[in-house]
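J.: Structure for this input, please:
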Amino acid sequence: MKKLLSLGFVPLVAAPLCAISCSQEKNSTDEIKWNLFLQRNYVKSLLKLVFKNDQNKIEEYIKSQREINLNEYQGKLKWSLLYASNTVLSLGFDGNFFSPRPVLLSEASQNINELMSKNWLWYLYNLENFSFAYYPEFDKFESSTANSNNTLQENSLKLGSFYSPKTNNIIQFVTQEYENADDWKEYRVFFLTQEGFIIRLTVDGDPESNFSVNLSQYLYSYPDLIKDKETLKSFSLQKYIQATQSFVDKPENRTEAILFQEKYGGKLLRYTLSDIL
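T.: Coordinates of the predicted model:
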């Protein structure tokens, strides 16, 4: 059953002291920022859902995320996205059907999958350190390819081909219980960022074992939601889900989805993870 459940000159001898002081200050700032992030309701709710309210597992996971070395992991993700982001993979690679996948490409893909399935909390915390590329989804119901291309060009010119979040703040979140059986549960979590983008995350698995997490590489929004702060203030994430997502007792209604997108300036926009800054 599917249902909705309702962040000039320095004497040589002084250099080490300065380096230590700056490092301590940076660590202190990061610690404060992490503590504030972990106090947000959506973070606490998500951790409880994923780890079934097991406080020991929650604390262990948080510790693992806070201990990730920022500089090392940024470097690892940067080259991984260079080789295996969705925009790059859409171009394919030189080789025929029987050619083995390049080792570097496979490793890069694994690194990105690890980010979205294992280090999802670190990703949400560091959201403003990532960059996303406009990556529209082809709609087979579009009246023509020409119309579709014109729309894509207009959106790219008006909204930009790339987007870098300025904050990791989430202003709304909704959890959709999608499947509820004795041997399987699935939850879909939707987040609305302070800048008007929607993030999707899935939590699923056997209730008797550990749940799996899959955080989408995509960000979604509507033109007016990005451009107009007043529109963002009145936007309801729950109504978005009801209009665009299907339920057992409510099959997908394309007309309702079209009316919803027209209300917010046009077709749903999609951006994909492309770089880490």
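
J.: Around residue 236, how many other residues sit close by?
T.: Neighbour count of residue 236, defined by other Cβ atoms under 10 Å: 12. Just so you know, the C-beta spots here come from the backbone N, C-alpha and C atoms, and that holds for glycine as well.

J.: how much space between it and residue 53?
T.: 28 Å (Cβ to Cβ, to the nearest Å).

J.: Check residue 105 too.
T.: 39 Å.

J.: Hmm, residue 61 and residue 121 touching each other?
T.: Yes: shown here, residue 121 and residue 61 form a contact pair, counting by Cβ atoms under 8 Å, at 7.1 Å.

J.: Settle it for me: which of these two has more neighbours?
T.: Ranked by neighbour count (other Cβ under 10 Å), residue 121 and residue 61 place residue 121 first, with 22 against 18.

J.: and stretch 135-144, what's its mean pLDDT?
T.: Here stretch 135-144 scores 67 as its mean pLDDT.

J.: Hmm, I typed the wrong one, I wanted stretch 53-65.
T.: 97.

J.: could you dump that stretch to CSV, C-alpha only?
T.: C-alpha atoms of stretch 53-65 as CSV (Å, rounded to 0.1, in the frame of the first residue of the first chain):
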residue,chain,number,x,y,z
ASN,A,53,15.5,3.8,15.1
ASP,A,54,18.5,1.8,16.2
GLN,A,55,20.5,4.5,18.0
ASN,A,56,23.8,2.5,18.0
LYS,A,57,23.7,2.1,14.3
ILE,A,58,22.7,5.7,13.8
GLU,A,59,25.6,7.0,15.8
GLU,A,60,28.0,4.5,14.1
TYR,A,61,26.9,5.7,10.7
ILE,A,62,27.1,9.4,11.6
LYS,A,63,30.7,8.8,12.9
SER,A,64,31.7,7.2,9.6
GLN,A,65,30.4,10.1,7.6
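
J.: list the buried ones in it?
T.: Residues 58, 61, 62, 65 are the ones in stretch 53-65 that count as buried (16 or more other Cβ atoms under 10 Å).

J.: Of these, which pair is most distant in space?
T.: Greatest spatial distance in those: 58 and 65, 10.9 Å, computed using Cβ to Cβ.

J.: where are the low-confidence patches of this structure?
T.: The chain contains residues with pLDDT under 70 at 1-26, 91-101, 138-159, 246-253.

J.: Would you map the helices across it?
T.: 15-38, 41-50, 55-66, 70-84, 86-89, 103-117, 120-125, 145-159, 223-227, 229-234, 237-244, 254-263 (DSSP state H).

J.: Out of these, indicate the one that is most buried.
T.: helix 120-125 (a mean of 20; mean count of other Cβ atoms under 10 Å).
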